[in-house]
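[1] turn this into a structure:
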Amino acid sequence: MKYIFVTGGVVSSLGKGLTSAAIGALLEQRGLKVRLQKFDPYLNVDPGTMSPFQHGEVYVLNDGAETDLDLGHYERFTSGELSRLNNLTSGQVYETVLQKERRGDYLGATVQVIPHVTNVIKDRIYQGGDENVDVLITELGGTIGDIEGLPFLEAMRQFALEVGRADVLFLHCTLLPYLKAAGELKTKPSQQSVAKLREIGIQPDILVCRTEEPMTNEMRQKLSLFCNVPVKAVIEEMDVETSIYELPLALKAENVDDLIVDHLRLDAPDNDMQVWHDVVRHLKAPSHKVEIGVVGKYIELQDAYKSVYESMTHAGIANDAAVRIIRLDAEEIEDNPEKHLASLDGILIPGGFGDRGTEGKIAAARYARENGTPYFGLCLGMQIAVIEYARNVAKLEGANSTEFEANTPHPVIDIMEDQKHLNSKGGNMRLGACPCRLTEDSVSYHAYGKAEIHERHRHRYEFNNAYREQLEQSGLRIAGVNPERDLVEIVEISEHPWYVGVQFHPEFQSKPNAAHPLFANFVAAALKYKK
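    Next up, the predicted model:
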């Protein structure tokens, strides 16, 4: 196996995750089997308890791991399925080391960062791939110089020494800031970032430079000289015009894949990247336009619903349409939903926790139901649809979820009895991929084209089966059920043009060249409904 380590300097949020994912896409197009993993230096064990305001969305894998949102980029850009072994935090590292120390595994030795902490990190690098993987790409979060990232960098240095420098490539992402007053890009921060990396004992092989202005040849030569990187390996990475899915083609134009293949001595013939050219063509010159309102409570944060927004883009590609997302704060639409929703071609309510904005979301679901606007509810969005239907169609006054109102007279959404005993252990979340059996002739069945699916979950509360018969008699269609525990997974309104709520998170299984069937179907319905 060959190994690529991606680090970042100067500032955070440089796009290391997207760069890593795009490189994975380039190598996969050349016939290589690629796997990616993310190392996060923060002390949280995982991002599951972190606020979306600080961290963005929590991305869930098939095995139930709650991970960094960059793993979403990895899965969207490449075909390799990831597991909990592909995301490591300092919290997990130190938890592992302390558990070993308590068990006596270190046989009384003094436990130190080197070698004990670095050994745990190196073990995860070895575990990140398997015998079928040709290239493992490991991205380190944070910025060179962060104190919490030092053990990871030291582990990478040791790892390269162990496996042999010829099988390891270091790629460093950096920023070339543009000083408007001087009218030029500055290379000094990048020089100092690489110098810091070299102090640790790591010499980058490729330097990827984020920039708002084109680099000059003189600038490449200067960076090459001061950073000890060949001129051809100083890569310009400008902001893409239309979409992040242009990035593989942009890096291809800079010959990044050739540099990697040559350095790692890989047998991987070149590829014309036609799949990515097709994706970009649909994004740049769509035949149709559609406006979808996303009603949420973290609406001002770009990363809070990252996978939802990307899945809408994928659905647009599948329908040859430009999807314009209208972000709507749930709290603002409660009193006058028509004012905010009347012009939309579709309404989507994403997942979330807590009761803030709940009544605004219920008002949006009601508007969509009563006006025939295509509606797509994800996780909490499905529960909102059930609450609204119970209140206003089944006439269950005060119907609610026990998450929002513990003493509601009609708990149509509740924690199931077989989960309540887990509360004291903190393990009552349903996480990861679960099977779902679809009802024939349902919208969902026709969208998927098959009777059984597997989708990823991240939630505590479920459709309360005690109200199932009553709601079905009122006209709510149960379109999907978990066959193992008889839990409702999908609800629909059969007389509505397109009204679907799903208990799972389909946005975690959508790709630019393979849109999730429900998202694609939803956008198709919105185009048909278009005002």
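[2] starting at the chain centroid, how far to stretch 392-406?
    Centre-to-centre, stretch 392-406 and its host chain are 32 Å apart (C-alpha atoms, centre = their mean, to the nearest Å).
[3] my bad, should have said stretch 10-28
    Distance, centroid of stretch 10-28 to centroid of chain: 14 Å (C-alpha atoms, centre = their mean).
[4] beta partners of the residue nearest to Tyr445 when sequence neighbours are not counted?
    Excluding the flanking residues, the one nearest Tyr445 by C-beta to C-beta, 6 or more residues apart in numbering is Leu438, at 4.3 Å. All C-beta atoms are positioned from the backbone trio N, CA, C, and that covers glycine. Leu438 has these beta-bridge partners by DSSP bridges: Gly480.
[5] all strands for the stretch 251-400 of the chain, in order.
    288-296, 321-329, 346-349, 375-378, 399-401 (DSSP state E, counting those that start in this stretch).
[6] quick one: list the elements packing against the shortest one.
    I take that to be strand 399-401. Where contact means 3 or more C-beta pairs under 8 Å, 6 or more residues apart in numbering; DSSP states H and E, strand 399-401 is packed against helix 380-392, strand 410-414.
[7] just give me the residue right at the centre of the protein.
    The C-alpha lying nearest the average C-alpha coordinate of the chain belongs to Gly72 (C-alpha atoms, centre = their mean; 2.9 Å).
[8] alpha carbons of the helix or strand that contains it, as PDB, please.
    Assessed by DSSP states H and E, Gly72 sits inside helix 70-77. Only the C-alpha atoms of helix 70-77 are listed here, as PDB (Å, rounded to 0.1, in the frame of the first residue of the first chain):
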ATOM      1  CA  ASP A  70     -14.900  15.800   5.600                       C
ATOM      2  CA  LEU A  71     -15.700  12.100   5.500                       C
ATOM      3  CA  GLY A  72     -18.800  13.200   3.500                       C
ATOM      4  CA  HIS A  73     -16.500  14.700   0.900                       C
ATOM      5  CA  TYR A  74     -14.500  11.500   0.800                       C
ATOM      6  CA  GLU A  75     -17.500   9.400   0.200                       C
ATOM      7  CA  ARG A  76     -19.000  11.800  -2.400                       C
ATOM      8  CA  PHE A  77     -15.800  12.000  -4.400                       C
END
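[9] which positions within that helix qualify as buried?
    Of all the residues in helix 70-77, those buried under the rule 16 or more other C-beta atoms under 10 Å are 70-77.
[10] same thing with stretch 225-235?
    Neighbour counts over stretch 225-235 (16+ other C-beta under 10 Å) mark 227, 229, 233-235 as buried.
[11] now stretch 248-258
    248-252, 254, 256-257.
[12] please flag which of those sit within helices.
    Counting by DSSP state H, the part of the buried residues of stretch 248-258 found in helices is 248-252, 256-257.
[13] count the neighbours of the nearest residue to Asn319 once chain neighbours are set aside for me.
    With sequence-adjacent residues excluded and distances taken as C-beta to C-beta, 6+ apart, Asn319 is closest to Val523, at 5.0 Å. Residue crowding around Val523 was assessed by other C-beta atoms under 10 Å; the count is 29.
[14] helices or strands up against the helix or strand where Phe39 lies?
    For Phe39, the host element (DSSP H and E) is strand 34-40. Counting contacts by 3+ C-beta pairs under 8 Å, 6+ apart, strand 34-40 is packed against helix 16-29, helix 70-77, strand 87-89, helix 118-127, strand 135-140.
[15] which strands and helices lie in contact with the one helix or strand Leu225 maps to?
    Taking DSSP H and E as the definition, one finds Leu225 inside helix 217-227. Where contact means 3+ C-beta pairs under 8 Å, 6+ apart, helix 217-227 is packed against helix 188-200, strand 206-211, strand 234-238.
[16] go again with 6 Å.
    strand 234-238 (3 or more C-beta pairs under 6 Å, 6 or more residues apart in numbering; DSSP states H and E).
[17] before we move on, which element is the residue of the chain most remote from its centre in?
    The outermost residue of the chain, judged against the average C-alpha position, is Gly108 (41.8 Å), by C-alpha atoms, centre = their mean. Per DSSP H and E: Gly108 is located in neither a helix nor a strand.
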